[in-house]
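*Asks:* next come a sequence and a model predicted from it.
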Amino acid sequence: QVQLVESGGGLVQAGDSLRLSCAASGRTLSSFTLAWFRQAPGKGREFVASIRWTDGSFNYADSVKGRFTISRDNAKNTVYLQMNSLKPEDAAAYYCAAGWGTTQRSAYRYWGQGTQVTVSS
């Protein structure tokens, strides 16, 4: 089992920055990819970014490339999502997930409870 707890969401203005954190506990993360997904009201849960725990290789959705950065702290078992130049369309509940490294929601077995990001225009 892997437990994931997100934090760092909030209300910001368009153009601002925000950093989300996801603290993981339980099983060792060495076999996992950690990812961020998001879900806006009335929409499906979409892939945002992922990072492979072993080597740090990463992947981003086209909509966030150049604005968001995913990183990890091995010692703290924590993954981060630095979000810059936020847009109103980035507003959503953001979820941390642990799984086996694709952009597909079905590839991730463990999920956090989510943290809300609101972006005012």
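*Replies:* Structure received. Numbering: from 1, shown residues only.

*Asks:* could you give the bridge partners of the residue nearest to the spatial centre of the chain?
*Replies:* By Cα atoms, centre = their mean, the mean C-alpha position of the chain lies nearest to residue 36, the distance being 2.3 Å. With DSSP bridges applied, residue 36 shows beta-bridge pairing to residue 49, residue 96.

*Asks:* let me know whether residue 90 touches residue 118 as I believe.
*Replies:* No: between residue 90 and residue 118 there is no contact under Cβ atoms under 8 Å: 9.5 Å. Placement of C-beta: from N, CA and C, glycine included.

*Asks:* and the two? Which one has more around it.
*Replies:* residue 90 (22 against 16; other Cβ atoms under 10 Å).

*Asks:* quick check: phi and psi on the more buried one?
*Replies:* phi -80, psi -10 (degrees, to the nearest 10).

*Asks:* how close does it get to residue 12?
*Replies:* 9 Å (Cβ to Cβ, to the nearest Å).

*Asks:* same check, this time on residue 86
*Replies:* 6 Å.

*Asks:* who has more neighbours out of the two?
*Replies:* residue 86 (21 against 17).

*Asks:* that one reaches residue 17, doesn't it?
*Replies:* Yes: using Cβ under 8 Å as the test, residue 86 is close enough to residue 17 to be in contact (6.8 Å).

*Asks:* the residue nearest to residue 27 when sequence neighbours are not counted bridge partners, please.
*Replies:* Once flanking residues are discounted, residue 27 sits nearest to residue 2: 5.2 Å by Cβ to Cβ, 6 or more residues apart in numbering. Under DSSP bridges, the beta-bridge partners of residue 2 are residue 26.
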